[in-house]
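# got a predicted structure here, sequence first:
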Amino acid sequence: METLKLNSKKNTRTIEEINAKIKTGDAQVLTAEEMKKLVESSGVEVAFKEVDVVTTGTFGAMCSSGAIVNLGHSDPPIKIERAWINDVEACHPGAAVDLYIGATAMSETQPFEYGGGHVIEDLVRGKEVELRATSYGTDCYPRTQITTSLTKDDLNQFYLLNFRNCYQRYACAVNSRDETIYTYMGKLLPQLRNATFSGAGELNPLMNDPDYETIGIGTRIFLGGAQGYIIGEGTQHDPKNLNGTLMVRGNCKNMSPDFLQGATFAHYGTTLYIGLGIPIPILNEGLAKKTAIRDEEIFTHVVDYGVPRRDKPKLKKVSYKELKSGAITLDAKKVRVSSLSSLKMAKEIAETLKSWIASGSFYLTAPVERLPIDSVFKPMRQTEGTPFVASVMQTAITCKENEAIRDIAARIVTKSVNHIVVVDDGNRLGGIVTSWDITRAMAEGKTALTDIMTRRVVTAKSDEPLETASRRMAQHNISALPVIDAERKVLGIVTAEDVSKFLGR
Amino acid sequence: MAKPTTAEIILEHKVPINIITAHVDSKGGDYLVDISDEALETVVKAFRQRGATVTLPKLIEVDKEKCFDCGACVSLCPVEAITVAEDCSVNFDKEKCVGSTCSACVEACPAGAIKSVKQNNAELANNTR
């Protein structure tokens, strides 16, 4: 009786059963979007009965990607020591003629415009690229340099080998600073004037199988427009915090430039946009329920990228539904949001994968090994302390706006400084005046401080890393930054001279 | 320009010239004007004949082949000329776009699909001084 009951109301299905249905063209495949609608309208039980596979997709900047290529041997042969393709330096992890083209490596002649991601795209497009390589020469590999042109057809192997793809979700980035910043989360306007986010939310493969029931080593996937495989968990895989990642491999020779594109984040660097999709076999009702996850159930934090630290301030929790709406609310103000990954492409990937399965050209695989579900992402062990502005900052020599230039000049001499910070009665920053400003005032016969002081002052915070402060000085071509607190009260000053002394200890 | 150049041109050629901004002092002035496409050639020539320097603003052009509809540009547009449609495609409203004087979206495009381009009247644009 018990067996009969189970047979009449089967509550699981296997990958073999699904593949058999794919073969006969009977498999029921829905995209993640369609599945969510079905569960909403008909419930989990019906969805489980009716649906065999749910297809997911994501298309975003995946910096930890690259391609391994084997060039074959030249005659006489060369043991490559350093190599460049279209002026982008490649790594040489192997014996002689294997190269790894990292997506973020930048062209030496066109940095920030062309990089490893573009090289991979150009090769996938069938374009010819220029290889330059050098070596020290050995008895068996006598050649010391070579230059040649190549296309993908000339390569023995050309595989995408990505060590971290498909981030389950990502932070939403804003910038609290007074200046625009350029980050891997794109261009962030000052004072929280815009926000950016990444990730496909409810369409993301890992969000649809968060317990890694079906996604594992050996899972066949959509990668760059071809069939690829998951080869393990990605680096920084952090599944407990819903920050899972994947390591994947796929044959670039079969890929399409529609789903793999070199890209540039202005003033940050180059990368590779990749399309990745995973079929989720609906083996049980639990998976039917999991694949019904909606954007309003997926949360992330609005993070202040204006603070260039490992642990950045989290300003707010937001859902992917809010992010995809185009605007979020911060401090009661509407802030417009940009998506960095393409949701349109994510949908297209889920659709393409669905059509592959429906037409019998893509079969599912059971993982040969599960991915870790409890690994954590540890910070770097640092044996040397990082210097902060506070460790170098000096007491600022100040003056008031109504003081005579002559008195300020005298102060520059007696205190032997080059910068005098102009403050109001509450010690709040009003401006800055340098010894050069004073010299020029003398030459031009000016007597009022208000005519020569700089009012738009570039400043530093005491708890920011010294490197950021010195970078700001270099960017603005200035030699000191007043250090202020949140109320713009002057706490001190950090000068280029102090920075070099500190670093030169 | 001591002479009422703009007024003269309007009267002589009977064309409407929409003055958007004007900065004039004793040494001369700068005008930003809007002219219809049909009148463009005549008006530019007339201004140049009277010794004025004419520059044509550039427009924003999107290469839809390169664009993969991410939307990185959307939140940077000060006039909300870039929007995301229902199907998640990213659309540019050329009427709203203020052109190359802004260009906020150009460098934000990861695909390098947005460019400042000269106005389509190539001959006039080439004469730009």
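Structure received.

# residue contacts, the nearest residue to A:Leu481 once chain neighbours are set aside?
Leaving aside its sequence neighbours, A:Leu481 sits nearest to A:Ala460 (C-beta to C-beta, 6 or more residues apart in numbering or on different chains; 4.1 Å). (Each C-beta comes from the backbone N, C-alpha and C, glycine too.) If you count contacts by C-beta atoms under 8 Å, 6 or more residues apart in numbering or on different chains, A:Ala460 has them with A:Val389, A:Ala469, A:Arg472, A:Leu481, A:Pro482, A:Val483, A:Ile484, A:Val494.

# for A:Ala460, list each beta-bridge partner.
A:Val483 (DSSP bridges).

# circling back: so which of the contacts of A:Ala460 is the closest to chain B?
Each of the contacts of A:Ala460 was checked against chain B using C-beta to the nearest C-beta; the closest is A:Arg472, at 19.9 Å.

# ok, so of the contacts of A:Ala460, who is nearest B:Glu65?
When those are compared for distance to B:Glu65 (C-beta to C-beta), A:Arg472 wins out at 38.6 Å.

# circling back: and the contacts of A:Ala460 as a markdown table, adding pLDDT?
Listed next are those as a markdown table, based on pLDDT from 0 to 100:
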| residue | pLDDT |
| --- | --- |
| A:Val389 | 92 |
| A:Ala469 | 92 |
| A:Arg472 | 92 |
| A:Leu481 | 96 |
| A:Pro482 | 96 |
| A:Val483 | 96 |
| A:Ile484 | 95 |
| A:Val494 | 95 |
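
# for chain B, which residues score under the pLDDT cut-off?
B:1-3, B:26-27, B:56-58, B:118-129 (pLDDT under 70).

# okay, now the domains of the chain?
Picked chain A for this. A:54-63+A:160-370, A:72-155, A:389-503 (automatic domain parsing).

# looking at chain B here, not the other one
B:5-54, B:58-118.

# now do the SS call for residue 80.
Since you didn't name a chain, this refers to chain A. Using DSSP: H, G, I helix; E, B strand; the rest coil as the criterion, the local structure at A:Ile80 reads coil.

# correction: the question concerned chain B.
Applying three-state DSSP: B:Glu80 is coil.

# correct me, but it touches B:Lys96?
Yes: counting by C-beta atoms under 8 Å, B:Glu80 touches B:Lys96, with 6.9 Å between them.

# what's the burial count for A:Val119?
By other C-beta atoms under 10 Å in any protein chain shown, the residues close to A:Val119 number 29.

# what's near enough to touch it?
With C-beta under 8 Å, 6+ apart, A:Val119 has these contacts: A:Ile85, A:Asn86, A:Val88, A:Ile101, A:Val129, A:Gly262.

# ranges for the helices of the stretch 51-200 of chain A?
For the stretch 51-200 of chain A, the helices defined by DSSP state H, counting those that start in this stretch occupy A:116-124.

# which positions in it make contact with chain B?
For the stretch 51-200 of chain A, the residues in contact with chain B (C-beta under 8 Å from any C-beta of the partner chain) are A:Phe59, A:Gly60, A:Ala61, A:Glu113, A:Gly186, A:Lys187, A:Leu189, A:Asn194, A:Ala195, A:Thr196.

# find the nearest non-adjacent residue to the second one, please.
Setting aside the residues directly before and after it, A:Gly60 is nearest to A:Ser341 in space (C-beta to C-beta, 6+ apart), at 3.1 Å.

# where does the closest residue to A:Leu38 other than its chain neighbours fall, phi/psi-wise?
In this structure, A:Leu38 finds its nearest non-sequential neighbour in A:Ala47, 5.0 Å apart by C-beta to C-beta, 6+ apart. Phi and psi for A:Ala47, reported as degrees, to the nearest 10, are phi -60, psi -40.

# what count of nearby residues applies to A:Ala47?
25.

# so it makes contact with A:Ala292?
Yes: A:Ala47 is within contact range of A:Ala292, at 7.1 Å (criterion: C-beta under 8 Å).

# looking at it, A:Ser149 is touching A:Leu123, isn't it?
No: using C-beta under 8 Å, A:Ser149 is not in contact with A:Leu123, being 11.8 Å away.

# spell out which parts of chain B neighbour chain A.
So chain B meets chain A at B:68-76, B:80, B:83-84, B:87-90, B:104, B:107-108, B:110-112 (C-beta under 8 Å from any C-beta).

# what about the helices in chain B?
With DSSP state H as the criterion, chain B has helices at B:5-13, B:40-49, B:122-126.

# please identify the most buried of those.
helix B:40-49 (a mean of 16; mean count of other C-beta atoms under 10 Å in any protein chain shown).

# dump it to PDB, restricted to CA.
The C-alpha trace of helix B:40-49 is given here as PDB (Å, rounded to 0.1, in the frame of the first residue of the first chain):
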ATOM      1  CA  LEU B  40      21.000  76.300 -39.700                       C
ATOM      2  CA  GLU B  41      23.200  76.800 -42.700                       C
ATOM      3  CA  THR B  42      22.000  80.300 -43.500                       C
ATOM      4  CA  VAL B  43      22.200  81.500 -39.900                       C
ATOM      5  CA  VAL B  44      25.700  80.100 -39.400                       C
ATOM      6  CA  LYS B  45      26.900  81.800 -42.600                       C
ATOM      7  CA  ALA B  46      25.300  85.100 -41.700                       C
ATOM      8  CA  PHE B  47      27.000  85.200 -38.200                       C
ATOM      9  CA  ARG B  48      30.400  84.300 -39.700                       C
ATOM     10  CA  GLN B  49      30.100  87.000 -42.400                       C
END
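
# run the chain-centre distance for that helix.
Relative to its chain's centre, helix B:40-49 lies at 16 Å (C-alpha atoms, centre = their mean, to the nearest Å).

# grab the nearest non-local neighbour of residue 79.
You didn't say which chain, so I picked chain A. Once flanking residues are discounted, A:Lys79 sits nearest to A:Tyr141: 3.7 Å by C-beta to C-beta, 6+ apart.

# was after chain B, sorry
Distance criterion C-beta to C-beta, 6+ apart; nearest residue to B:Val79, sequence neighbours excluded, is B:Lys96 at 5.2 Å.

# how much space separates that neighbour from B:Cys77?
For B:Lys96, the distance to B:Cys77 equals 8 Å [C-beta to C-beta, to the nearest Å].

# then A:Lys37?
In terms of C-beta to C-beta, A:Lys37 sits 32 Å off from B:Cys77.

# more crowded one of the two?
B:Cys77 (23 against 13).

# contacting residues around that one?
The neighbourhood of B:Cys77, defined by C-beta under 8 Å, 6+ apart, consists of B:Cys97, B:Cys102, B:Ala104, B:Cys105.

# circling back: just send the helices of chain B back as TSV, with distance to A:Leu364 too.
Converted to TSV, the helices of chain B look like this (distance: least, C-beta to C-beta, whole Å):
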stretch	distance to A:Leu364
helix B:5-13	72
helix B:40-49	61
helix B:122-126	55
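
# who wins for proximity to A:Glu179 among these?
helix B:122-126 (33.6 Å).

# for stretch A:390-407, output the C-alpha coordinates as CSV.
Extracted C-alpha coordinates of stretch A:390-407, given in CSV (Å, rounded to 0.1, in the frame of the first residue of the first chain):
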residue,chain,number,x,y,z
ALA,A,390,45.8,60.7,12.5
SER,A,391,49.3,59.2,12.8
VAL,A,392,50.9,62.0,10.7
MET,A,393,48.7,65.0,11.4
GLN,A,394,50.2,68.1,13.0
THR,A,395,48.6,71.0,14.9
ALA,A,396,47.4,73.5,12.3
ILE,A,397,48.7,77.0,12.5
THR,A,398,45.6,79.2,12.1
CYS,A,399,44.5,82.7,11.5
LYS,A,400,41.3,84.7,11.2
GLU,A,401,39.9,86.2,8.1
ASN,A,402,40.3,89.8,9.2
GLU,A,403,44.1,89.5,10.1
ALA,A,404,46.6,91.5,8.2
ILE,A,405,48.7,89.7,5.6
ARG,A,406,51.8,91.1,7.3
ASP,A,407,51.0,89.3,10.5
